[in-house]
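**Q** here is my input; please provide its structure:
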Amino acid sequence: MSNRFFNPFIGDNYNLGINGKRVLVVGASFYCTSVNCPFFSYCTNEKTKDSSKYDNQCPDYREEQLLLSDEPKHTIENKHRAYKTFSKFISKIIGDCDYKEIWSQLAFTNYVQFFVPTKDTYKRYLSKRDFNAFIETLSELKPHIVISWGTVILDDMRQHNDYVIDKDLLEQNEYYICHMRNIPEVSHDITLVSGYHPS
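**A** This is a model prediction of the structure:
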């Protein structure tokens with residue numbers, strides 16, 4: 001049984017990668033501000049942490065025949081500000097490319113596996129399910145590099161992560177880079193790069 005609720009966005013050229021390296025971007029969370037929705041208090045409940053019952057029930061999404069679980073894809077397609085900012089940054093590294101071309105080379109998901117009730121992500125929203133979903137995503141997508149956005153998810157992704165092989169070097173590289181090894185179904189090391197949220 002999958003721990004994931006959100007289906008990662010996978011660009012058409014993800015497997016070609018950037019300079020031959022597959023890159024997965026991991027944000028913190030998706031949030032909902034539709035407080036008048038009849039499902040809001042259940043879908044964003046920080047105790048149950050489970051939006052899956054409302055996957056095809058959300059009034060905002062149902063009108064367009066969209067699923068909540070496909071939010072990574074919807075977010076990329078809607079070109080929210082943070083995603084445009086990040087694509088401009090990546091464009092400086094790999095050469096002048098437009099938004100669509102940049103994201104065609106990347107995969108994206110968020111760490112927290114339910115819709116949170118606030119724009120900010122708090123540690124109380126995180127659960128073991130999120131870490132297990134993260135590992136499932138790594139096993140499936142087999143990225144060479146994972147770029148994380150924001151700081152609230154870093155302890156889960158690095159310090160409390162038994163797959164990280166060089167925690168002792170984090171201080172030396174100002175806590176920006178570490179590596180994971182022995183992820184199920186992944187035969188190579190994965191580099192974790194942390195950055196501030198692009199918004």
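**Q** every contact and neighbour count from this point should use C-alpha atoms.
**A** Fine.
**Q** in this protein, which spans are strands?
**A** Ranges of strands in the chain, per DSSP state E, are 9-10, 23-27, 106-110, 145-149, 177-180, 190-195.
**Q** show me where pLDDT drops low in the chain?
**A** 1 (pLDDT under 70).
**Q** 90 - rerun?
**A** Residues of the chain meeting the criterion pLDDT under 90: 1-2, 60, 62-64, 92-97, 150-151, 155, 158-160, 168-171, 173-175, 195-199.
**Q** show me where it has helices.
**A** Assigned by DSSP state H, the helices in the chain fall at 40-43, 59-62, 71-78, 81-94, 99-104, 128-141, 154.
**Q** packing partners for the fourth one?
**A** For helix 81-94, the packing partners by 3 or more Cα pairs under 8 Å, 6 or more residues apart in numbering; DSSP states H and E come out as helix 99-104.
**Q** contacts for the helix it packs on?
**A** Contacts to helix 99-104, defined as Cα atoms under 8 Å, 6 or more residues apart in numbering, come from residues 10, 11, 12, 13, 14, 76, 84, 87, 88, 90, 91.
**Q** can you check stretch 174-194 too?
**A** By Cα under 8 Å, 6+ apart, stretch 174-194 touches 135, 138-140, 142-151, 154, 158, 163-167, 169-170, 195.
**Q** are any of those residues buried, and which?
**A** Listed as buried from these are 135, 138, 142-150, 154, 158, 163-164, 167; burial here means 16 or more other Cα atoms under 10 Å.
**Q** okay, and the beta partners of residue 148?
**A** residue 26, residue 194 (DSSP bridges).
**Q** so what's residue 23 closest to, chain neighbours aside?
**A** Leaving aside its chain neighbours, residue 23 sits nearest to residue 145 (4.9 Å; criterion: Cα to Cα, 6 or more residues apart in numbering).
**Q** hmm, the one you found is touching residue 19, no?
**A** No: look at residue 145 against residue 19 with Cα atoms under 8 Å: they stay out of range, at 11.5 Å.
**Q** hmm, back to that, for the contacts of helix 99-104, please prepare CSV with the additional fields distance to residue 182 and neighbour count.
**A** Shown next, in CSV, are those (distance: Cα to Cα, whole Å; neighbours: other Cα atoms under 10 Å):
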residue, distance to residue 182, neighbour count
10, 23, 19
11, 25, 20
12, 27, 14
13, 25, 16
14, 22, 22
76, 30, 20
84, 33, 20
87, 30, 22
88, 33, 17
90, 28, 17
91, 31, 16
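**Q** want to throw these into TSV with distance to residue 190?
**A** Compiled in TSV, those are given as follows (distance: Cα to Cα, whole Å):
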residue	distance to residue 190
10	18
11	19
12	21
13	19
14	16
76	24
84	25
87	21
88	24
90	19
91	22
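**Q** residue 111 versus the closest residue to residue 180 other than its chain neighbours, what's the distance?
**A** Residue nearest to residue 180 in three dimensions, not counting chain neighbours: residue 164, with 4.3 Å by Cα to Cα, 6+ apart. To residue 111, residue 164 is 17 Å away according to Cα to Cα, to the nearest Å.
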